[in-house]
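Q: Predicted model follows, preceded by the sequence.
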Amino acid sequence: MSSDNQDAQIPNQQTVPQNDNQANEEEEYDQSLQFPSAELLLSAVQREYDKEDERAKTLESRVGILITLSAALLAFVSTYIKMPNFKKLKISNVYEALPHTFFISLLFLTMLILVFSLIYSVRIINIRSYKRIKIDDFEKINNLEDNPDIIASALITRYRKNIEHNQAINESKIVMYRRGTYCITASIILAVILYMLSLSLS
């Protein structure tokens, strides 16, 4: 019986050093990390980068709508709003010429605003390109062998620079998009007024 008890106690004595070795290895791995929170911060930075990417896609889709509206208004103004025939006009004094002068001035103003709207739309499309994460360095041996926290810290720096660059581009695009929207709104109002004037003057 005593020999059986001794044999039963041997495995229990052997498992204790194994658990201690695993704990020591985990402590050594934790101590080897220079930036323990780098991976957590990297995921947060990546989410911000994705948000800026979504903003860019949304702006590009809205610019297409802006260009379509500008082209439609140009077609409407050129088709349904006609210049008065000055040869057939009988104007005896200045007061009779005022409505026609106002109509022509308003027509040129509408066309000018529509041109500005198209210019803003084209500038949004042709603005500086966005910065992306280069994947050329991913296959380098040094990057493949480094600790994940060091790689995550380096990626955080790159993501931060790209986010700042992309944010500046998106903000400038938003400013031009708002100006283009204001131009479209003013053009719609002016086009309605012009159409009504053309009916009354015809």
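A: Sure thing, it's come through. This is a predicted model, so every value here is computed, not measured. Numbering: from 1, shown residues only.

Q: Now do the same for Lys82: helix, strand or coil?
A: Following DSSP: H, G, I helix; E, B strand; the rest coil, we place Lys82 in the coil state.

Q: Need the pLDDT of it.
A: We note a pLDDT of 74 for Lys82 in this prediction.

Q: Ok, Phe108 next?
A: At Phe108, pLDDT is 90.

Q: ditto for Asp136
A: Asp136 is assigned 63 on the pLDDT scale.

Q: For Arg158, which residues are in contact?
A: Shown in contact with Arg158 (CB atoms under 8 Å, 6 or more residues apart in numbering): Ile133. C-beta here means a position set from N, CA and C on the backbone, and glycine is covered the same way.

Q: Tell me how far it lies from Ala38.
A: According to CB to CB, to the nearest Å, Arg158 and Ala38 sit 13 Å apart.

Q: try Gly180
A: Counting by CB to CB - Gly180 and Ala38 are separated by 42 Å.

Q: Looking at those two, which is more packed in?
A: Between Gly180 and Ala38, Gly180 has the larger neighbour count (other CB atoms under 10 Å), namely 25 against 19.

Q: Might one say that that one is in contact with Ser121?
A: Yes - Gly180 is within contact range of Ser121, at 5.6 Å (criterion: CB atoms under 8 Å).

Q: got any residues that touch both of those two?
A: When CB under 8 Å, 6+ apart defines a contact, the residues bordering Gly180 and Ser121 alike are 63, 66, 70.

Q: ok, so of these, who is nearest Glu54?
A: Val63 (15.1 Å; CB to CB).

Q: How about that closest one: what's its closest non-neighbour residue?
A: Ranked by CB to CB, 6 or more residues apart in numbering and with sequence neighbours excluded, the top spatial neighbour of Val63 is Ile124, at 4.9 Å.

Q: And the helix or strand containing Thr68, what does it pack against?
A: Element membership for Thr68 (DSSP states H and E) is helix 38-80. The contact analysis (3 or more CB pairs under 8 Å, 6 or more residues apart in numbering; DSSP states H and E) places helix 38-80 against helix 94-125, helix 148-201.

Q: out of these, which comes closest to Gln46?
A: It's helix 148-201; of the helices and strands packed on helix 38-80, that one is closest to Gln46 (CB to CB) at 6.6 Å.

Q: so what pLDDT did Leu59 get?
A: Listed pLDDT for Leu59 reads 86.

Q: how close does it get to Ile156?
A: Here Leu59 is placed at a distance of 26 Å from Ile156 (CB to CB).

Q: As CSV, the helices and strands packed on helix 38-80 with distance to Leu74 would be great.
A: As requested, the helices and strands packed on helix 38-80 are exported to CSV (distance: least, CB to CB, whole Å):
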stretch, distance to Leu74
helix 94-125, 6
helix 148-201, 9
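
Q: Which one, of those helices, ends up nearest to Tyr49?
A: Closest of the helices and strands packed on helix 38-80 to Tyr49 is helix 148-201, at 5.4 Å (criterion: CB to CB).

Q: Specify the angle between the closest one and helix 38-80 in degrees.
A: Using axes from the mean of the first three to the mean of the last three CA atoms, to 10 degrees, the direction of helix 148-201 lies 10 degrees away from that of helix 38-80.
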